[in-house]
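J.: Structure for the following, please:
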Amino acid sequence: MTNILLDGSPKTPTVHFDSETGVLELRGRSIPENSIEFYKPLIDWIDQYARNPKPQTQLRVQLEYFNTSSSKCILDLFKKLENVRSSGNEVQVLWHYETDDEDMLEAGEDYQAIISLPFKMIQVEEVDKK
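T.: Take a look at the predicted model:
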């Protein structure tokens, strides 16, 4: 299975989905022109990964900002990961947020309330803008 490695841009996050380690990362900003078009390959990748996942999968989300259409697509990613977990594998979401960014903390808490995946909220000094 091919890993996904996308460099971030001012409008799209850095993406690193590694099927060998089971570590999936989203980092940066997510305000693409077409969120569905941007996230569809990621959602499809998780579908494929779910057929033969690692015993432990970790999604690391470290976004400084995302728009409403991205939030729906991120929710879809979480729902796909629920399938991985329901087949007996361990899945954890590490939700990073900046110390002074209550909105991002709240967004993580909102996802945590509606998705049956274990979340770990991780406060960071400042999100790496790379």
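J.: Show me the helices in the protein, by range?
T.: For the chain, the helices identified by DSSP state H occupy 35-49, 68-86, 102-114, in order along the chain.
J.: got these as JSON lines, with mean neighbour count, mean pLDDT and distance to T2 columns?
T.: (Each C-beta comes from the backbone N, C-alpha and C, glycine too.) Written out in JSON lines, the entries for the helices of the chain read as follows (neighbours: other C-beta atoms under 10 Å; pLDDT from 0 to 100; distance: least, C-beta to C-beta, whole Å):
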{"stretch": "helix 35-49", "mean neighbour count": "17", "mean pLDDT": "97", "distance to T2": "8"}
{"stretch": "helix 68-86", "mean neighbour count": "17", "mean pLDDT": "96", "distance to T2": "17"}
{"stretch": "helix 102-114", "mean neighbour count": "14", "mean pLDDT": "97", "distance to T2": "27"}
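J.: show me the biggest strand of the chain in terms of residues.
T.: Selection of the longest strand in the chain by residue count, based on DSSP state E, yields strand 56-66.
J.: Most remote residue from the middle of the chain, which is it?
T.: Distance from the centre of the chain peaks at D100, with 20.8 Å (C-alpha atoms, centre = their mean).
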